[in-house]
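Colleague: Output the structure for:
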Amino acid sequence: MGVYEELIARGLIAQVTDEEKIRELVNAGKARFYIGFDCTADSLTAGHFMALCLMKRLQMAGNTPIVLIGGGTTMIGDPSGRTDMRKMLTREDINYNAECFRRQMERFIDFSDNKAIMVNNADWLLDLNYVELLREVGTHFSVNNMLRAECYKNRMERGLSFFEFNYMIMQSYDFYYLFQHYDCNMQFGGDDQWSNMLGGTELIRRKLGQDAFAMTITLLTDSQGNKMGKTAGNAVWLDPNKTSPFDFYQYWRNVGDEDVMKCIRKLTFLPLEEIEKMASWEGSELNRAKEILAWELTALVHGEEEANKAQASARALFSQGSSDSNAPALELKEEDLQNGGLDIQDLLIKAELCSSRSDARRNIQQGGVSVDGEKLNDPARVFTLEELKKGFLLRRGKKNYKKIILR
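Modeller: Okay, the predicted model is just below:
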């Protein structure tokens, strides 16, 4: 089985411009492909995971990834999938984010001996002359076609600025530039980027009379069709200082039963034969599959040692243990106390287990709060200085908990 056939078997491929040619190049290890990453934050997220894994798979098959850091396109902001305009970042913020991306990507992609290339589109986009760009590139884009593009549809009713309208042209110009200067023959990306990617292949054809190719990968969604990679409304980050290895592990450990095998196929590097044996698992075996998924992805991002620690901590917590030092913790100081103690409602809020005192009181009254495995039923319960110094595990529901520590 070639790597292209493996991508199909794993359910990764959504759309391609020329399947026969892409299959030939990818399977022969002759694809020089790029994927773009705009620097909208100081860390990559679980939402980038599919693209990173795709790059790694193709590199392992002998193909050459070109990582495009969007130092220039981030100055505009991709409107794809957005209902409002992205926050405009300063050049200093973008440069800082780009450096953070570079360090994280080096954990996934081998950049030694020109096995992969990293470029920043700020190097060519920021020096473009506007009038020259309009003459050289703008004449090849139909406004009517652009307005029909999926990436703009969500914005038309709310209002699409001319500023953002240029994003497709910028992304297309990237492909055109990389084709000329880096022998880049393919662009890969998320399925929501299809219109932008076609703009690049068409620009290359019109300007240079040559063929370039595009392939999109399926977006990672749950069984309800929602994008995966967020928990409680917040992104799941690859930076351990923003999402701890434990919380990263727990995110994947807690995926829905309907989603676990899909995630294992798309995100892990386990052999397909091994995955197919797991496809018939039910009941408690599904929990085992979730542990495998969580460990594999945590090891890929944070290393095997952190994956082992996260797994041990999760197992200890689920068995009602409270002594594991790797559990997520709330560290209190004596100045956080009130009259020498702290009531349970404030404690739940400080631990980010409840959003308000009324939310905390409701969870307590419904029997959803426990301390070291014992249900707590008194919404007025106050923990003393001595109890807080000793430390305990505070839990709301089955999957939300914090180790309480007083320093």
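Colleague: Please report the distance of the closest residue to residue 125 other than its chain neighbours from residue 117.
Modeller: Once flanking residues are discounted, residue 125 sits nearest to residue 72: 3.1 Å by Cβ to Cβ, 6 or more residues apart in numbering. C-beta: built from backbone N, CA, C; applies to glycine. Per Cβ to Cβ, to the nearest Å, residue 72 is found 17 Å from residue 117.
Colleague: mind listing what's buried in stretch 27-35?
Modeller: Buried residues in stretch 27-35, defined by neighbour count with 16 or more other Cβ atoms under 10 Å: 27, 31, 32, 33, 34, 35.
Colleague: quick one, phi psi at the third one?
Modeller: Same thing as residue 32. Note on residue 32: its backbone torsions stand at phi -110, psi 100 [degrees, to the nearest 10].
Colleague: Hmm, it is touching residue 181, no?
Modeller: No - assessed by Cβ atoms under 8 Å, residue 32 is found out of contact with residue 181, at 11.4 Å.
Colleague: on that earlier part again, for the residue nearest to residue 125, give me the pLDDT.
Modeller: Residue 72 is assigned a predicted lDDT (pLDDT) of 84.
Colleague: With residue 351 instead?
Modeller: 88.
Colleague: For burial, what's the neighbour tally of it?
Modeller: Using other Cβ atoms under 10 Å, residue 351 is surrounded by 21 other residues.
Colleague: contacting residues around it?
Modeller: Residues in contact with residue 351 (Cβ atoms under 8 Å, 6 or more residues apart in numbering) are 330, 394, 402, 404.
Colleague: again, but for residue 176
Modeller: Counting by Cβ under 8 Å, 6+ apart, residue 176 touches 137, 200, 203, 204, 207, 208.
Colleague: sorry, back to before: can I get the buried residues of stretch 27-35 in CSV including secondary structure, distance to residue 15 and pLDDT?
Modeller: Shown next, in CSV, are the buried residues of stretch 27-35 (DSSP: H, G, I helix; E, B strand; the rest coil; distance: Cβ to Cβ, whole Å; pLDDT from 0 to 100):
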residue, secondary structure, distance to residue 15, pLDDT
27, helix, 19, 96
31, coil, 16, 96
32, strand, 20, 96
33, strand, 15, 96
34, strand, 17, 95
35, strand, 15, 95
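Colleague: of those, closest to residue 125?
Modeller: When the buried residues of stretch 27-35 are ranked by distance to residue 125 (Cβ to Cβ), residue 34 comes first, at 14.4 Å.
Colleague: Tell me what the nearest residue to that closest one once chain neighbours are set aside is bridged to.
Modeller: Of all residues not flanking residue 34 in the chain, residue 66 sits nearest, at 3.9 Å (Cβ to Cβ, 6+ apart). On DSSP bridges, the residues paired with residue 66 through beta bridges are residue 34, residue 117.
Colleague: tally of neighbours for residue 66?
Modeller: 20.
Colleague: How about residue 20?
Modeller: Other residues lying near residue 20 total 8 when counted by other Cβ under 10 Å.
Colleague: which residues touch the residue nearest to residue 125?
Modeller: Residue 72 sits next to 120, 121, 122, 123, 124, 125, 126, 170 when contact means Cβ under 8 Å, 6+ apart.
Colleague: same question, residue 217
Modeller: Residue 217 makes contact with 12, 13, 14, 50, 51, 54, 188, 189, 190, 191, according to Cβ under 8 Å, 6+ apart.
Colleague: what do you get if the cut-off is 7 Å, keeping everything else the same?
Modeller: Contact partners of residue 217, counting by Cβ atoms under 7 Å, 6 or more residues apart in numbering, are 12, 13, 14, 50, 54, 188, 190, 191.
Colleague: Just the pLDDT for it.
Modeller: On the pLDDT scale, residue 217 is placed at 92.
Colleague: And the nearest residue to it once chain neighbours are set aside, how far from residue 124?
Modeller: Nearest non-adjacent residue to residue 217, counting by Cβ to Cβ, 6+ apart: residue 12, 5.0 Å away. According to Cβ to Cβ, residue 12 and residue 124 sit 30 Å apart.
Colleague: so how far is residue 371 from the residue located most distally from the centre of the chain?
Modeller: Distance from the centre of the chain peaks at residue 339, with 43.4 Å (Cα atoms, centre = their mean). As judged by Cβ to Cβ, residue 339 and residue 371 stand 20 Å apart.
Colleague: and if you look at residue 177?
Modeller: For residue 177, the distance to residue 371 - Cβ to Cβ - is 59 Å.
Colleague: where does the stretch 101-250 of the chain dip in pLDDT?
Modeller: Under the criterion pLDDT under 70, the flagged ranges of the stretch 101-250 of the chain are 142-144, 146-164, 230-233.
Colleague: quick one on the thing from earlier: okay but the residue nearest to residue 217 is in contact with residue 220, surely?
Modeller: No - at 9.9 Å, residue 12 does not count as touching residue 220 under the criterion of Cβ atoms under 7 Å.
Colleague: who touches both of those two?
Modeller: Residues within reach of residue 12 and of residue 220 at once, by Cβ under 7 Å, 6+ apart, are residue 266.
Colleague: Now the element after the helix or strand encompassing residue 309, going C-ward?
Modeller: Per DSSP states H and E, residue 309 falls inside helix 304-318. Note on helix 304-318: by DSSP H and E, the next helix or strand toward the C-terminus is strand 329-332.
Colleague: Show me what counts as buried in that next one.
Modeller: Buried, per 16+ other Cβ under 10 Å, within strand 329-332: 329, 330, 332.
Colleague: May I have the distance across stretch 24-33, first residue to last?
Modeller: 14 Å (Cα to Cα, to the nearest Å).
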